[in-house]
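A.B. asks: Need coordinates for the below:
(3 chains)
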Amino acid sequence: MGRSTLEGRFRVIDVSPDEVAEVVRELFEDGCYYATGMGVDERPLNGRFAVYHAINCPKRGVYVILRLTAPENRPSVPSITPVLRGAEWAEREAHDMVGVTFENHPNLERLILPEDWPDGVYPLRKDFPYNRKMAGTEGTAGVRGERHDEATMSVPLGPYHPLLHEPEYFELYVREDRIVGADYRGFHVHRGMEKLAESRMTLNQIPFLAERICGICGCTHSAAYCQAVEEAAGVEVPERALYIRSLMLEVERIHSHLLWFGVACHLLGFDSGFMHFWRAREYVMDIAELITGNRKTYGINLVGGVRRDLSGEKIQKTLKLLELAEGESREVIDNVVGMKELIARMEGVGVLRRKDAREIGVVGPVARASGIDTDVRRDHPYAAYGDLDFKVPVYRGCDVLSRFLVRVDETFESFSLVRQILENLPDGEIINEEYSLPYMEFGLGSTEAPRGEDVHMVLTGGENQVYRWHPRAPTYNNLPAVPLMLEGEDVADAPIIIASIDPCFSCTDHVSIVDAGSGRVLWRGPLLEGVERLRR
Amino acid sequence: MGRIKLMGLAVSIGKVTERYPFAPVEVPDDYRGKPVIDPGICTGCGACASACPPQAIQVKEEGEFRVVHLFLGRCIFCGRCQDVCPEGAIRLTTEFELATPNHDDLHQFVRLRMVRCVRCGRPFDTYRHLVRSLREVPFIEGERLLLCPECRAKAPLDWLEGGGDGNEG
Amino acid sequence: METRVEDYRKLVKRSLWVFHLNSGSCNGCDIEILNVFAPRNDVERLGIKLVGSPRHADAIALTGPVTRECLPKVVDAIKAVPEPKIVLAIGACACGGGIWYDTYSVVGGVKELYRIMKEEYGMEAPPTVFIPGCPPKPEAIIYGVAVAKGMIEPKQRRMVYVEEGGGDELARMLEEVNGLRHFSAGFKVRRDVNGT
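C.D. replies: Model (predicted):
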């Protein structure tokens, strides 16, 4: 087991700048989509910059990594965005953070760093110290938004808004209560993690950093990171560890989905639903606390295995709590799904057509609600999923309701998965610490987070460190679809549409975006205006 | 229809709210709460500091003392310190009621005396760690442990010949 | 800072209305804050309520390490809360900068935030209750609120241990060091250099 389940998860191919567009087009036509990309400063090794594009081929169960390089004095490679829209953000990010230019990119503007960050300073280049503080910022809430005619009003949403529990900024362009366009400025939660990981942290500290990419789905990030390193270093992971990993990933999925149902009810003005879902969710939190010692940040994954074993007594307690959680969730969901008013608010709202979904490369429940049959657990089996039995729900409604129903089905699949894992838990060790870390080996780990595919790429460094680590959270792929979903909808539906992708802003911003709403939706005069008034 | 059922559900479930803070809550025995250094056991080896992901534990040298400084405000309660501590001196308790209006309350300091190098006189290791190391290494190595790392690297040979200024009185 | 929280208690006896200010946190603390309002803990029974605007608030629940991009917006939001106000610094990031306390993109917790507020905006630091945890349990957050309201005397205390020097303890250890030597090559650990 261990290595064998991951064998052949990816192929790294060096491509020349002339042929990359053609290769990408062929892959896309073959049913692949853009997973993620990273720029790497490889100057200390070979005097070049490199760009890694990871493209997911679910049909073949493999990730194709296209590696492009450019010389130090002319860091420029052709953009693949014109061929594959999904690459837009990844290329802008590489431009922002490493300083690689992409020829023919339609919109190569700043994505992540603050507006007043000095030009020509690239935090992910190796000569930038991770703890250098740049001069203070004057605040730049706002997007470089398009200008509209006078009949169009722009409604700012954020950076602090009762709907968003994270600082993010959406600008909605509204004409007579209809949204005609939307723009987004996120990356308020950029915390410089990638740089931190490659400078201050050691190999086994990074799982804890990865876990803090997101407080809701942290475990999936630490698992993906560990898998990437295990892949690069060829570490055998004991079978029991893989099962415990899967267990926590599924517990996390249940808690995350129940959380989302609550938030969705709340945004639809149905607060009783919120309360009932969160009540049922408490049992899941208790399970996590019992097994890992914390409700949220499980801290269970290390390279080579897991940290805590599961005693028979804990298994019995877990099963009892699981029964409570499942029974109560079932009751609440059955009630909510039977409510006509709620269904009417979700049906036909926030449509994302299958074609657009494919081009943008949306993942997880958003993709599955638009008729795309994809699930990393099945297409690229990891941890214990190869041995487990589960269905992948796919809906073709393309609207908010479909996204709701996909999550409903998934939640109950997860309950069944947790049972299967607890019943079939193999005996043995829980961690393998006998491994050596190779130098400059590439590794890729991917997991199906509650929000979709989560991909981590790692280049190992010597001395117990990584040379480069690039996590890509699912919201990063899903968010560009939001403006499309918003177009032509009522302003009042904007919150539920934005929430329907279950955006995780902190994941994306780790880089930069999640919201779990609470508070009525108020389209107040924004904070920003108040702020400007104060300044004057 | 659903709404009325849901109300019935709420009634049948009854009260779920805990009485906290007016009554205590139970946490599992292995809950990861406040880490505490047992100052009687800690040898100041620094293993916790090098494992700590947020650098909430830092080991510094201040003159005669090696200071193990645990800053609870930055601690992420991962428990790696407990995993790596060779002495079992740092443990995570189940204590989670840590709030305080006073930032100073969030610190724990363990100041341990250091041994001076028998050759150059520079403090280089804590007594406790040295005693501990002397117990575990072969005697020929043990002699060398009384030198600071620099002196050890500089003159390994003349030490064996019985030279050095540590020999008098 | 302790006295200032006490002053605040005298000024504000009513229920706390809280504005939740996320300054770039991972969501862990934010979800636990919401959890505090869910049925299991339901702090509305203590009169605590989340509000949508800083202008309605008595207290700020600050989470996150304050990222560079958020800094001016956080300062503005704190400014918008009327006096007297109190800050609940929730989680490792707000209390001490957390795991990323010293990166290029992060200010690093409320202490640093207050320094910048003082230096660049001329604002005084508001009274603050620190609630460590990553994330703190909902009960830990409630405990923090209880501390802010003076319902509970905090039990967390600064701990300083200084190893006894000089006297018997040191002599005993030196003896032990010498006792561990397996041959008597005329070497002794010198007392004089250690005793200062």
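A.B. asks: what about the residue nearest to A:Pro106 when sequence neighbours are not counted, which SS state?
C.D. replies: Leaving aside its chain neighbours, A:Pro106 sits nearest to A:Thr81 (6.2 Å; criterion: CB to CB, 6 or more residues apart in numbering or on different chains). Using the backbone N, CA and C atoms, a C-beta is placed for each residue, glycine as well. Following DSSP: H, G, I helix; E, B strand; the rest coil, A:Thr81 is assigned to coil.
A.B. asks: Counting neighbours, what do you get for A:Thr81?
C.D. replies: By other CB atoms under 10 Å in any protein chain shown, 22 other residues sit near A:Thr81.
A.B. asks: Help me confirm that it comes into contact with A:Glu91.
C.D. replies: Yes - at 5.8 Å, A:Thr81 and A:Glu91 qualify as touching, with contact defined as CB atoms under 8 Å.
A.B. asks: what touches both of the two?
C.D. replies: A:102, A:105 (CB atoms under 8 Å, 6 or more residues apart in numbering or on different chains).
A.B. asks: check contacts around residue 35.
C.D. replies: Went with chain A since none was named. A:54-56, A:63, A:361, A:446, A:453, A:455, A:472, A:477.
A.B. asks: Please refer instead to chain C.
C.D. replies: Contacts of C:Asn35 by CB under 8 Å, 6+ apart are A:278, A:285, C:41, C:138.
A.B. asks: Could you identify the helix or strand that succeeds the host helix or strand of it?
C.D. replies: Taking DSSP states H and E as the criterion, C:Asn35 maps to helix C:28-36. Note on helix C:28-36: by DSSP H and E, the next helix or strand toward the C-terminus is strand C:49-51.
A.B. asks: do that following strand and chain B meet at all?
C.D. replies: No - using CB under 8 Å from any CB of the partner chain, strand C:49-51 stays clear of chain B, with a minimum separation of 15.9 Å.
A.B. asks: So is that strand next to chain A?
C.D. replies: Yes - judged by CB under 8 Å from any CB, strand C:49-51 and chain A are in contact via C:50-51.
A.B. asks: buried set for that strand?
C.D. replies: Neighbour-count burial for strand C:49-51 flags C:50-51 (criterion: 16 or more other CB atoms under 10 Å in any protein chain shown).
A.B. asks: what angle sits between the helix or strand following that strand and helix C:28-36?
C.D. replies: Once strand C:49-51 ends, the next helix or strand along the chain (criterion: DSSP H and E) is strand C:59-63. On the basis of axes from the mean of the first three to the mean of the last three CA atoms, to 10 degrees, strand C:59-63 is oriented at 140 degrees to helix C:28-36.
A.B. asks: Tell me the helices and strands packed up against strand C:59-63.
C.D. replies: strand C:17-22, helix C:28-36, helix C:71-80, strand C:86-90, helix C:91-96 (3 or more CB pairs under 8 Å, 6 or more residues apart in numbering or on different chains; DSSP states H and E).
A.B. asks: Who does that strand pair with, and is each partner parallel or antiparallel?
C.D. replies: strand C:17-22 (parallel), strand C:86-90 (parallel) (DSSP bridges).
A.B. asks: neighbouring contacts of the shortest one?
C.D. replies: Strand C:86-90 is contacted by residues C:5, C:8, C:12, C:16, C:18, C:29, C:32-33, C:58-63, C:78, C:95, C:109-110, C:126-131, C:133, C:135-136, C:141, C:144-145, C:148 when judged by CB under 8 Å, 6+ apart.
A.B. asks: Over to the longest one?
C.D. replies: Contacting residues not belonging to strand C:17-22 are listed as A:160, A:165-167, C:30, C:33, C:48-54, C:56-64, C:74, C:77-78, C:81, C:88 [CB under 8 Å, 6+ apart].
A.B. asks: Among these, name the buried ones.
C.D. replies: Using 16+ other CB under 10 Å as the threshold, A:160, A:165-167, C:30, C:33, C:48, C:50-54, C:57-64, C:74, C:77-78, C:81, C:88 are the buried ones among those.
A.B. asks: related to what we said a few turns ago, for the contacts of A:Ala35, which one is nearest A:Asp177?
C.D. replies: A:Asn477 (30.0 Å; CB to CB).
A.B. asks: what sits opposite residue 161 in the beta ladder?
C.D. replies: Picked chain A for this. A:Leu164.
A.B. asks: The intended chain is chain C.
C.D. replies: On the basis of DSSP bridges, C:Tyr161 takes part in beta bridges with B:Val110.
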